[in-house]
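>>> Need coordinates for the below:
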Amino acid sequence: MSLLPPRWRLPYVALLTVVGLLLSASALQAYRLSGGRRPWEPFLWEFSSVAVIGLLVLGVHALMGALRGRPWPQQLAAHALALPLFSGLHIAGMFGIRLLVYGLVGVGYHPDDLPTLLVFEGGKDAVSYLSFCLISRGVWMAGAAAARARELDRARRELAEERLARLADQVQPHFLFNTLNLISSVMYEDVARADRLLCELAALLRQTLAAQQRAEHSLADELALVQPFLALMQARFGRERLVVEIQADADARACRLPALLLLAPVENAIKHDVARHRGRVTVSVRAERDGERLRLTVSNHADQPLPATPPLPPERDGGLGLRNLRERLQARYGSAARVDFGPQAGGMRLAMELPCTS
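Coordinates of the predicted model:
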């Protein structure tokens, strides 16, 4: 049984037992019709054959595995040698068990002469051997296909993880360059304010670096990064111009999502409204859990519709940051995630829906 994995041993023995019982029940009927007086004899005949065949099948399966990929002439030569060996071992083992049992119970047993046995049993063994070879080949092919599928799945996972890592690496430089540009606009007007902004930026970058190493964290951790960024932007534009609203219930905060997922949408919301309007702009981040789904919304709304400068046409997909977001969600969740981006009354709105795992 060493050729059989431990988890398959009990089912294999159970299968052989069922086959032996079915064959014995059929043989018992013929035995009684022929006037037999010892009902245990058909069970001995069939189970002795099934037991030996059960062991030999393991050897056939191992042989088929060893012959995989070999040239056909070598395979045919191996089978030409294995078939007589299979039949010889089957006959010797089967009749050896029968003679032993009959001897123990003190009953005489007189099998047919050897030439007759070789012809009668050899023909059946040839059919059995061919059948077992075909079944074994199918099993090996199925195992190889399953191994290829597992390897392909592993390669896909590694590719997806590599892609996620590449996309995540794009988040921080994009966010950093835009933030530094914001700080540079006030550094000559208010040095103390610019210094304060740089200190806040350094603290925020330390948090984002730590988050990036985790690759995935809870929505609560993500909001802990978004809030300092929004505070930094409020310090830049003034709280009278930038109003921040964050709403997320406890169930939503427990959901896990890719790290740094919301920074780009929040920054995009500020870039599209706060930096281009004189009036007050409200930036909202909302999250709610609906069963096993997490719904996230990032939106902005300007109180005064008149822009400080002629408005630029919004990019259809939200620019680099949101293209990155779409690709990250696609790589992580596939079709299970959905992203909608477009204008709403007085501003822009980004809605995301993705699976919630706690």
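>>> only C-alpha atoms for contact and neighbour calcs from this point on.
Will do.
>>> What segments of this structure are helices?
All helices of the chain, identified by DSSP state H, fall at 6-33, 40-67, 72-105, 114-184, 191-214, 219-237, 250-253, 263-272, 319-333.
>>> just so I know, which of these lies nearest residue 341?
Of all those, helix 319-333 sits nearest to residue 341, with 9.0 Å by Cα to Cα.
>>> re earlier: most tightly surrounded among the helices of the chain?
helix 263-272 (a mean of 21; mean count of other Cα atoms under 10 Å).
>>> And that one, what does it pack against?
Other elements packing on helix 263-272 under the criterion 3 or more Cα pairs under 8 Å, 6 or more residues apart in numbering; DSSP states H and E are helix 114-184, helix 219-237, strand 281-290, strand 293-302, helix 319-333, strand 347-355.
>>> Out of the ones you listed, which is closest to residue 32?
With Cα to Cα as the measure, helix 114-184 is the member of the helices and strands packed on helix 263-272 nearest residue 32 (22.5 Å).
>>> Rounded mean pLDDT for the closest one, please.
Helix 114-184 comes out with an average pLDDT of 79.
>>> Same check on stretch 341-358?
Stretch 341-358 carries an average pLDDT of 86.
>>> For that stretch, which outside residues touch it?
Under the criterion Cα atoms under 8 Å, 6 or more residues apart in numbering, residues 218, 254-257, 265, 269, 272-273, 289, 292-303, 305, 316-318, 333, 336-340 lie in contact with stretch 341-358.
>>> what do you get if the cut-off is 6 Å, keeping everything else the same?
Applying Cα atoms under 6 Å, 6 or more residues apart in numbering, the external contacts of stretch 341-358 come out as 254-256, 292-302, 337-340.
>>> Now list the buried members of those.
With burial judged by 16 or more other Cα atoms under 10 Å, the buried subset of these is 254-256, 293-302, 337-339.
>>> Poorly predicted segments of this protein, please.
1-3, 157, 160-176, 178-179, 182, 212, 272-277, 304-321 (pLDDT under 70).
>>> again, only using 50
Counting by pLDDT under 50, the chain shows low-confidence ranges at 1, 171, 306-317.
>>> Can you pull the domain assignment for it?
The record's domain split for the chain, according to automatic domain parsing, is 6-151, 185-355.
>>> Can you get me the start-to-end distance on the first one?
The separation between the terminal residues of domain 6-151, taken as Cα to Cα, to the nearest Å, is 24 Å.
>>> Begin at 820, not 1, for the rest of this chat.
OK, 820 is where the count begins now, so the last one is domain 825-970.
>>> Figure out how far it is from the centre of its chain.
Here domain 825-970 is found 40 Å from its chain centre; the criterion is Cα atoms, centre = their mean, to the nearest Å.
>>> For residue 1108, give its distance to residue 1158.
As judged by Cα to Cα, residue 1108 and residue 1158 stand 16 Å apart.
>>> Oh, that last question was meant for residue 955, not what I typed.
In terms of Cα to Cα, residue 955 sits 49 Å off from residue 1158.
>>> Residue 1143 too?
12 Å.
>>> swap in residue 963?
Taking Cα to Cα, one finds residue 963 at 39 Å from residue 1158.
>>> and if you look at residue 942?
Per Cα to Cα, residue 942 is found 68 Å from residue 1158.
>>> What of residue 1061?
Distance of residue 1061 to residue 1158, given as Cα to Cα: 25 Å.
>>> cool, and residue 1085?
15 Å.
>>> swap in residue 1100?
Taken as Cα to Cα, the span from residue 1100 to residue 1158 is 23 Å.
>>> just residue 1023 next, same as before
Noted for residue 1023: a distance of 26 Å to residue 1158, by Cα to Cα.
>>> And residue 1142, by the same measure?
Relative to residue 1158, residue 1142 is positioned 10 Å away (criterion: Cα to Cα).
>>> same question, residue 1097
Counting by Cα to Cα, the gap from residue 1097 to residue 1158 is 30 Å.
>>> Check residue 901 too.
Per Cα to Cα, residue 901 is found 63 Å from residue 1158.
>>> what does residue 1170 give?
In terms of Cα to Cα, residue 1170 sits 6 Å off from residue 1158.
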